[in-house]
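Novice: Got a sequence here, can you model it:
(2 chains)
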Amino acid sequence: GAGVSQTPSNKVTEKGKYVELRCDPISGHTALYWYRQSLGQGPEFLIYFQGTGAADDSGLPNDRFFAVRPEGSVSTLKIQRTERGDSAVYLCASSIRQGGSREQFFGPGTRLTVL
Amino acid sequence: AQSVTQLDSQVPVFEEAPVELRCNYSSSVSVYLFWYVQYPNQGLQLLLKYLSGSTLVESINGFEAEFNKSQTSFHLRKPSVHISDTAEYFCAVSKRGSQGNLIFGKGTKLSVKP
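Specialist: Predicted structure coming up:
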């Protein structure tokens, strides 16, 4: 079956612009996570969805970042008024259910470059 | 809060040599431990995990890791590496009883040379 997919694979934008990053999780996976990986760093947690609701958004850096998952499947990470410091690889992962012991399956990531 | 330290950012080794990638964690609560691998131009994949029971866990491609509670370590080892093991390896933890968000180390780039 298909794995986690993310689109676009690369996004170049100008400072101040709005961007949307999409994640298609594995079918049937109810838990969905977004992470951000800056150059030379490991992935850092941003937000977690269980079903349609954002159960934990404590990792979002500020209110320019927002994510939705309206039908409990596809999720979109939205970044307003982008800044150069937002440049990173944004990773999406899904898991069949929530829980610290569950394997998370990662997508290939979206590389965001803010000029 | 939890944190993960990977002591080596890069590890170059020759093919068929043994390798150890070090990982230490800090946590005030019980955690699950993971090693993820990222091959060139691919996404992160789970390599192995420790949940409970035997402290030595193995992967299908010859890697093993041992959970050491007293030293708060979860080092990854392989007795004989192949060129195809060249990748970046990430150690991660998640808090027991949590929703599962992972806390990662900075990663170790393993470079296997012929």
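Novice: Using the three-state scheme, assign B:Ser84.
Specialist: Three-state assignment for B:Ser84 (DSSP: H, G, I helix; E, B strand; the rest coil): helix.
Novice: Contact partners for it?
Specialist: Taking C-beta atoms under 8 Å, 6 or more residues apart in numbering or on different chains as the definition of contact, the neighbours of B:Ser84 are B:Val112. Backbone N, C-alpha and C define where each C-beta goes, glycine included.
Novice: which ones are touching B:Phe14?
Specialist: Residues in contact with B:Phe14 (C-beta under 8 Å, 6+ apart) are B:Val112, B:Lys113, B:Pro114.
Novice: Most neighbours out of those residues, which is it?
Specialist: B:Val112 (20 neighbours; other C-beta atoms under 10 Å in any protein chain shown).
Novice: just checking, that residue touches B:Glu16?
Specialist: No - under the criterion of C-beta atoms under 8 Å, B:Val112 makes no contact with B:Glu16, lying 9.1 Å away.
Novice: Overlap in contacts, the two.
Specialist: Jointly contacting B:Val112 and B:Glu16 under the rule C-beta under 8 Å, 6+ apart are B:Val81, B:His82.
Novice: Enumerate the residues of chain A near chain B.
Specialist: A:3-4, A:31, A:33, A:35, A:40-45, A:48, A:50, A:55-56, A:59, A:91, A:93, A:95, A:98-104, A:106-109 (C-beta under 8 Å from any C-beta of the partner chain).
Novice: how does it look with 7 Å?
Specialist: By the rule C-beta under 7 Å from any C-beta of the partner chain, the part of chain A lying against chain B is A:31, A:33, A:40-43, A:45, A:48, A:50, A:55-56, A:95, A:98-104, A:106-109.
Novice: Report the contact partners of the residue of chain B found nearest chain A.
Specialist: Among the residues of chain B, B:Phe104 lies closest to chain A, at 3.2 Å counting by C-beta to the nearest C-beta. B:Phe104 sits next to A:Gly42, A:Pro43, B:Val4, B:Phe90, B:Ala92 when contact means C-beta atoms under 7 Å, 6 or more residues apart in numbering or on different chains.
Novice: residues in contact with the first one?
Specialist: The neighbours of A:Gly42, taking C-beta under 7 Å, 6+ apart as the test, are B:Phe90, B:Phe104, B:Gly105, B:Lys106, B:Gly107.
Novice: So for the residue nearest to it when sequence neighbours are not counted, what's the pLDDT?
Specialist: For A:Gly42, ignoring the flanking residues on the chain, the nearest one in space by C-beta to C-beta, 6 or more residues apart in numbering or on different chains is B:Phe104 at 3.2 Å. For B:Phe104, the model assigns a pLDDT of 96.
Novice: next one: A:Gly1
Specialist: Predicted confidence (pLDDT) at A:Gly1: the value is 56.
Novice: swap in B:Ser28?
Specialist: According to the predicted model, the pLDDT of B:Ser28 comes to 83.
Novice: residues near residue 71, how many?
Specialist: All of this is about chain A. The tally of other residues near A:Glu71 (other C-beta under 10 Å) stands at 9.
Novice: sorry, should have said chain B
Specialist: Here the neighbour count serves as a burial measure; for B:Gln71 (other C-beta under 10 Å) it reads 10.
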